[in-house]
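Enquirer: Show me how the following folds:
(4 chains)
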Protein chains: 2
Amino acid sequence: MSKGVRTRAAILGEALSLMSTDGLSGLTIGLLAERTGLSKSGLFAHFGSKEQLQVAVLQEAQACFTTHVIRPVLHLPRGLPRLEFFAEGWWAWNRSPPFPGGCPIQAASLELDDRPGPLRDEIAGAQRRLRAFIRQGAAMAVTAGHFRPDLDCTLFAFQMVGIAFAQTMTCRLLGEPEGLDFVRRAWRLQVDGALGASQNQTGEMNHVE
Amino acid sequence: MSKGVRTRAAILGEALSLMSTDGLSGLTIGLLAERTGLSKSGLFAHFGSKEQLQVAVLQEAQACFTTHVIRPVLHLPRGLPRLEFFAEGWWAWNRSPPFPGGCPIQAASLELDDRPGPLRDEIAGAQRRLRAFIRQGAAMAVTAGHFRPDLDCTLFAFQMVGIAFAQTMTCRLLGEPEGLDFVRRAWRLQVDGALGASQNQTGEMNHVE
DNA sequence: TTGACAATAGCACGATCGTTCGTTTATTTT
DNA sequence: AAAATAAACGAACGATCGTGCTATTGTCAA
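Expert: You can find the predicted model right below:
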């Protein structure tokens, strides 16, 4: 591992932290150089332009999410077990990701949704891949007989994404300690509504209590 | 209406448009002065500081949301009817608000959630009030007998907020035209799950199709 | 160990940032 | 209409932005 890629990795790590609190637009080259102990020009040479740095940071964020949330559940049995562990890992990531701020992917999604260009393409791809992962996870649960056969897996992924955003709003913006409870209960309702008839314990509608 | 408040209103209107696309941090005084046809110093004098301008913009965004989404449903009968019309109005607002970009409140919520200060307080208050409105709307539906008595109205509001965020991601970031369908179906599932036993048409679990 | 090359620093640039100040032009009140 | 007040302007400030250069330092293979 040569020196160049090592410092580049260090830069991206620090950039991720900075971005998690101040957003993509708050990620400035001068500030990042100061935090990494490099000179502005020395740091700049690693990326060639601000936009390329931003793209690299977004990709690093995806890689970090994959190693922390996706990969740990891949060896679990397909279907509901894997989906449940993924959910728990995702809620944990959203509440306290390995950065000082919140999830950079969520933040960038709403920051870039009205600015076409390579950055939006990058974050849109990330969200598409994440939704595909959830959708396939739900489809496996259908195949395994955990979920009912007529489940709309795309809608399932849509709902799960919604819970994740609502969690960030409740846990991070409003700082409500009971936020995680709501997340788990909303997720439980969603899973219960997707179960196959045989698995469903309650013979009536999904009650909250 | 004196001259001062008139131009101030014009400034805030343009600021809302600018913020909807470029975010709070993209809202710069020079750019805003250029778009409004004012000089930087002339515009600046209306607010005294950048932060006060930002607070004013956030308040303006709330006022705009109230007149466009909240107020139109206040004269509707309490309970489910009002809640349904509010939902439809909110989805319409999220898909195409009266700005070139997306909903500024959603964007600011994720932009400010890790930066304590007056700005975060302002947007947090907005989200708290919105959630309280939904919660009370659900509570009215319980009182009216539309929703079952043991419904957790706070959780109901939590879930609805999630749908709104997922909509922005799907409709704006990913640009999927069928996004609104998912929103309506997710909302329908949520409402069906909250109905009183007598109102529930389907005797079985909530199926998607 | 030296030579080739990668990595970083230093310096400067034009542009824009938020902000201040004194002046000038509009508006409102007397 | 004149006086008083409000509103907007123009110029400048120090700071920081992203981005070029050239020079210097460090690393790694021959």
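
Enquirer: List the buried residues in the lengthiest helix in chain A.
Expert: The residue-count maximum for a helix in chain A (DSSP state H) belongs to helix A:118-143. By neighbour count with 16 or more other CB atoms under 10 Å in any protein chain shown, helix A:118-143 contains the buried residues A:119-120, A:122-124, A:126-127, A:130-131, A:133-135, A:137-142. (Each C-beta comes from the backbone N, C-alpha and C, glycine too.)

Enquirer: what stretches of chain A score poorly on pLDDT?
Expert: A:1, A:198-209 (pLDDT under 70).

Enquirer: For A:Asp114, give me its contacts.
Expert: B:20-21, B:100-102, B:172 (CB atoms under 8 Å, 6 or more residues apart in numbering or on different chains).

Enquirer: The same query, at a cut-off of 6 Å, please.
Expert: B:21, B:101-102 (CB atoms under 6 Å, 6 or more residues apart in numbering or on different chains).

Enquirer: nearest to DNA strand C, of those residues?
Expert: Checking the contacts of A:Asp114 against DNA strand C by CB to the nearest atom of the strand gives B:Thr21 as the nearest, at 13.9 Å.

Enquirer: hang on, the earlier thing: among the contacts of A:Asp114, which are in helices?
Expert: Per DSSP H, the subset of the contacts of A:Asp114 in helices is B:Thr21.

Enquirer: which of the contacts of A:Asp114 has the most neighbours?
Expert: Neighbour counts for the contacts of A:Asp114 (other CB atoms under 10 Å in any protein chain shown) peak at B:Gly102, which has 23 neighbours.

Enquirer: pretty sure that residue is touching B:Leu173, no?
Expert: No. Using CB atoms under 6 Å, B:Gly102 makes no contact with B:Leu173, being 8.8 Å away.

Enquirer: Spit out the residues that contact these two alike.
Expert: A:Asp113.

Enquirer: Please identify the helix or strand for the residue of chain A found nearest DNA strand C.
Expert: Nearest residue of chain A to DNA strand C, counting by CB to the nearest atom of the strand: A:Gly4, 1.8 Å away. Element membership for A:Gly4, per DSSP states H and E: helix A:3-26.

Enquirer: tell me the angle whatever helix or strand comes next after that helix makes with helix A:3-26.
Expert: Proceeding N to C from helix A:3-26, the next assigned helix or strand is helix A:29-36, under DSSP H and E. Calculated by axes from the mean of the first three to the mean of the last three CA atoms, to 10 degrees, helix A:29-36 forms an angle of 130 degrees with helix A:3-26.

Enquirer: For the closest residue to the residue of chain A closest to DNA strand C other than its chain neighbours, what are phi and psi?
Expert: Counting by CB to CB, 6 or more residues apart in numbering or on different chains, A:His46 is the residue found nearest to A:Gly4 once chain neighbours are left out, at 7.4 Å. Main-chain dihedrals, A:His46, degrees, to the nearest 10: phi -70, psi -20.

Enquirer: pretty sure A:His46 is touching A:Ala9, no?
Expert: No. Checked against CB under 6 Å, the pair A:His46 and A:Ala9 is beyond contact range at 10.3 Å.

Enquirer: So for those two, which residue has more residues nearby?
Expert: A count of neighbours by other CB under 10 Å puts A:His46 above the other of A:His46 and A:Ala9, at 16 against 12.

Enquirer: Please report the distance of that one from chain B.
Expert: For A:His46, the distance to chain B (CB to the nearest CB, to the nearest Å) stands at 24 Å.

Enquirer: Roughly how far does that residue sit from A:Thr67?
Expert: Using CB to CB, to the nearest Å, A:His46 is found at 22 Å from A:Thr67.

Enquirer: From start to finish, how long is stretch A:93-102 in a straight line?
Expert: 9 Å (CA to CA, to the nearest Å).

Enquirer: contacting residues around the residue nearest to A:Ala144 when sequence neighbours are not counted?
Expert: Leaving aside its chain neighbours, A:Ala144 sits nearest to A:Gly79 (3.5 Å; criterion: CB to CB, 6+ apart). By CB under 6 Å, 6+ apart, A:Gly79 lies in contact with A:140-141, A:144, A:146.

Enquirer: residues from chain A in reach of DNA strand C?
Expert: Applying CB under 7 Å from any atom of the strand, we find that chain A lies next to DNA strand C at A:2-5, A:7, A:37-43, A:45-46.
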